[in-house]
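K.L.:
got a predicted structure here, sequence first:
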Amino acid sequence: MTSGTGPIPKISLQNITKKFTVRPSKDSPEGAVLTALDGISLDVSAGEFITLVGPSGSGKTTLLDLLAGLTKPDTGQVLVDGREVAGPGRDRAVVFQQYALFPWRTAAANVSFGLEGVGSDGKRYSRKERAEKAREYLELVGLGGFEDRYPHELSGGMKQRVAIARSLAYEPDILLMDEPFAALDAQTREQLQTELLRIWATTGKTIIFITHGIDEAVYLGQRVAVLSSRPGRLKEIVDIDLGDRSGDEDVRSNPAFVEHRHKVWSLLHDEVRRAQEAGHAKIQPDGTAPDETRTITTGKAA
Amino acid sequence: MSTPTLTKETETQTGPAAAGKATTEPNPALRPGPGTTPAARLRRYALQGGKAVWGAGAIILFLLLWELGPAYLAPASTRVFLPPLHEVLEALGTLIGNGQLQNHLAASLSRSASGFGIAVVTAVALGLLVAWYGALDRFLNPLLEVFRNTAALALLPVFTLLLGIGETSKISIVAYAAFFPVLLNTIAGVRTVDPLLIRAARSLGLSNVQLFQKVILPSAVPTIFTGIRMAGTSSILVLIAAEMVGAKAGLGYLIVNSQMSFLIPDMYAGILTVSLLGLLVNYLLVGVERHFSRWRTAVGSRTA
């Protein structure tokens, strides 16, 4: 792993375009082609924490899926360490909004999920090593002692901590987070934001963090990338400089924060209104609209 | 899958309240529950006892009606066909005493177990395939619908004609009857796997086989077991009917044969055995089902 900004950015999006064919519905019997992302170019350097904000339907999740290797762009390239992303890999981890914990596994077994089998480097962990790692990472996210709990025995905040620990456990370079704190109450969210910054500082991961919260974006990110309403384009990247955020002071009330926040808000404001007028809703990666009954693409998709 | 101990369940009941912010203390303080004083404990026992009596009340009333009804309520002409409970129990005792009941029970059990076993194995395998391959589903589904909606007993004559009245035809019809609940639940179980879990597993780079083994199967197991439980009930039902039509042993045979030989108490003893067997099988399968879906239900599902 290279530190600092080398000649090759950690992640490089080069003129990405992604279209979806929406399945036929009552309103549009033929089905329409939707452009989710249009000509996105973005470089992220190693160890950077970048947040992505945009109105609903601006393709935030699609962008994350592309980075995770769950889908492929129609045009353009997604490069990680200068190599094109061919599919999911253990150099990248995804943290989902709805935790996505396996309910039949205990917290520790969830964390060690990604350690089972042969890793990309050909390494195989023994059961004992996996348990050890699970404990270590649960400890890191502040859940030491909760190894044997099942997800239904944990609160939302704790579940998301387990999910973060699971993503960190197999030691990816990049953490892709899809509105991870959106389902949590305000207090827990703030707590986890602070924790995430601490984890970022200790592990030095590159983090791409999607959110629709402006405060969250400004608080967490070194840069905030603002996406336009559909089709998703990169509207502007705002550099955030809040000084040292590790202290106990209330960063959110300092003038620099307020100023940055207002800047992002103004950028986003028009886009949100435009998205609302157009009635954009979330489109699932498989092209289903949310109001339709969901079907599962079990195997062959993407 | 790890097996948690029972002690954890009591501990976690106090969990959610303290769970919110406690990040390092794993064990929230256990509050002593109410009812630690002798008087309160006595009251609780009395309450539980009362509940138990109320719960068994309908059964007791029914048994009383069975015992006394034939003597006092039924007209003399039907009394012969409706022996009181104690006569039935005596007949049951005699049947157990001379080993007849055991023979019939063994015959029935081995048939239903083999049929049921065959059904579970084949239905789970086919169900997984059908749920996994959409094309196979579209191809087979109409035919499966036709068979599913054909009552198993309607096909009994066909089975008898083709396979004779021996064991083969009985095991086959039991397998047939047990097949569909398991199949349909297996398909449903695989279909209702949370797509998010699949996405999460995919993002970890799991192959199809690993995805199946580590996500889809464990997630579908509770639903599959619901089907297995339903299959258990229907396999007994169909077996008894099949044994009534043509057999030389088995509980169904015992019932019909006793009726024809005018051993009315024996007939009721057979019926009683069937219902007890059904209860037992269901109870066992519910236990197994609960064991496998433990993670799905909140811990609060108490069995007091």
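P.N.:
Thanks, I have it.

K.L.:
what helices or strands is the helix or strand hosting A:Leu64 leaning on?
P.N.:
A:Leu64 is part of helix A:60-68 when elements are defined by DSSP states H and E. Of the remaining helices and strands, those touching helix A:60-68 by 3 or more CB pairs under 8 Å, 6 or more residues apart in numbering or on different chains; DSSP states H and E are strand A:11-21, strand A:33-44, strand A:49-53, strand A:75-80, strand A:92-95, strand A:174-178, strand A:206-211. C-betas here are computed from N, CA, C, even on glycine.

K.L.:
how about those strands, which one is nearest B:Ser275?
P.N.:
Proximity to B:Ser275, assessed across the helices and strands packed on helix A:60-68 by CB to CB, is greatest for strand A:92-95 (53.4 Å).

K.L.:
and after that closest one, which helix or strand comes next?
P.N.:
Per DSSP H and E, strand A:92-95 leads on to helix A:107-111 as the next helix or strand towards the C-terminus.

K.L.:
show me what that next one is in contact with.
P.N.:
Counting by CB atoms under 8 Å, 6 or more residues apart in numbering or on different chains, the neighbours of helix A:107-111 from elsewhere in the structure are A:101-102, A:131, A:133-135, A:137-138, A:143, A:146-151, A:154, A:162-163, A:165-166, A:169, B:2.

K.L.:
now, these that are in helices?
P.N.:
Secondary structure defined by DSSP state H assigns A:131, A:133-135, A:137-138, A:162-163, A:165-166, A:169 of the contacts of helix A:107-111 to helices.

K.L.:
just the buried members of the residues you listed?
P.N.:
Under a neighbour-count criterion of 16 or more other CB atoms under 10 Å in any protein chain shown, the subset of the ones in helices among the contacts of helix A:107-111 counted as buried comprises A:131, A:133-135, A:137-138, A:162-163, A:165-166, A:169.

K.L.:
would you point out the most distant pair within those?
P.N.:
Using CB to CB, these reach their maximum pairwise distance at A:Ala131 and A:Ala163, which is 18.5 Å.

K.L.:
residues contacting B:Trp54?
P.N.:
Remark: with contacts taken as CB under 8 Å, 6+ apart, B:Trp54 is in contact with nothing.

K.L.:
beta partners of the residue nearest in space to the middle of chain A?
P.N.:
Nearest to the mean C-alpha position of chain A, counting by CA atoms, centre = their mean, stands A:Met177 at 1.9 Å. Going by DSSP bridges, A:Met177 is paired in beta bridges with A:Val95, A:Phe209.

K.L.:
check contacts around it.
P.N.:
Taking CB under 8 Å, 6+ apart, we find A:Met177 in contact with A:94-95, A:207-210.

K.L.:
next: A:Leu115.
P.N.:
For A:Leu115, the set of contacting residues under the criterion of CB under 8 Å, 6+ apart consists of A:125, A:129-130, A:133-134, A:169-170.

K.L.:
burial of the residue of the stretch 51-200 of chain A found nearest chain B, as a residue count?
P.N.:
Each residue of the stretch 51-200 of chain A has a distance to chain B, by CB to the nearest CB, and the smallest belongs to A:Gly145, at 2.6 Å. Using other CB atoms under 10 Å in any protein chain shown, the number of residues around A:Gly145 comes to 16.

K.L.:
please see if stretch B:185-192 touches chain A.
P.N.:
Yes - Stretch B:185-192 lies in contact with chain A when judged by CB under 8 Å from any CB of the partner chain; the contacting residues are B:190-191.

K.L.:
contacts only, for residue 165.
P.N.:
The chain I'm using is chain A. If a contact means CB under 8 Å, 6+ apart, then A:Ala165 has A:107, A:111, A:134, A:137-138, A:140-141, A:143 as its contacts.

K.L.:
not what I meant, chain B
P.N.:
Applying CB under 8 Å, 6+ apart, we find B:Ile165 in contact with B:245-247.

K.L.:
give me the buried subset of these.
P.N.:
Taking 16+ other CB under 10 Å as the criterion, what is buried in the contacts of B:Ile165 is B:245-247.

K.L.:
show me these that map onto strands.
P.N.:
When the buried ones among the contacts of B:Ile165 are checked against strands using DSSP state E, none is located there.

K.L.:
and which of these is nearest B:Gly127?
P.N.:
When those are compared for distance to B:Gly127 (CB to CB), B:Val245 comes out closest, at 29.8 Å.

K.L.:
need the contact list for that closest one.
P.N.:
For B:Val245, the contacting residues are B:156, B:160, B:165, by CB under 8 Å, 6+ apart.

K.L.:
what helix or strand is B:Phe225 on?
P.N.:
B:Phe225 is part of helix B:217-245, with elements assigned from DSSP H and E.

K.L.:
next helix or strand past that helix?
P.N.:
Note on helix B:217-245: by DSSP H and E, the next helix or strand toward the C-terminus is helix B:251-260.

K.L.:
got the angle for that following helix vs helix B:217-245?
P.N.:
With axes from the mean of the first three to the mean of the last three CA atoms, to 10 degrees defining the directions, helix B:251-260 sits at 20 degrees from helix B:217-245.
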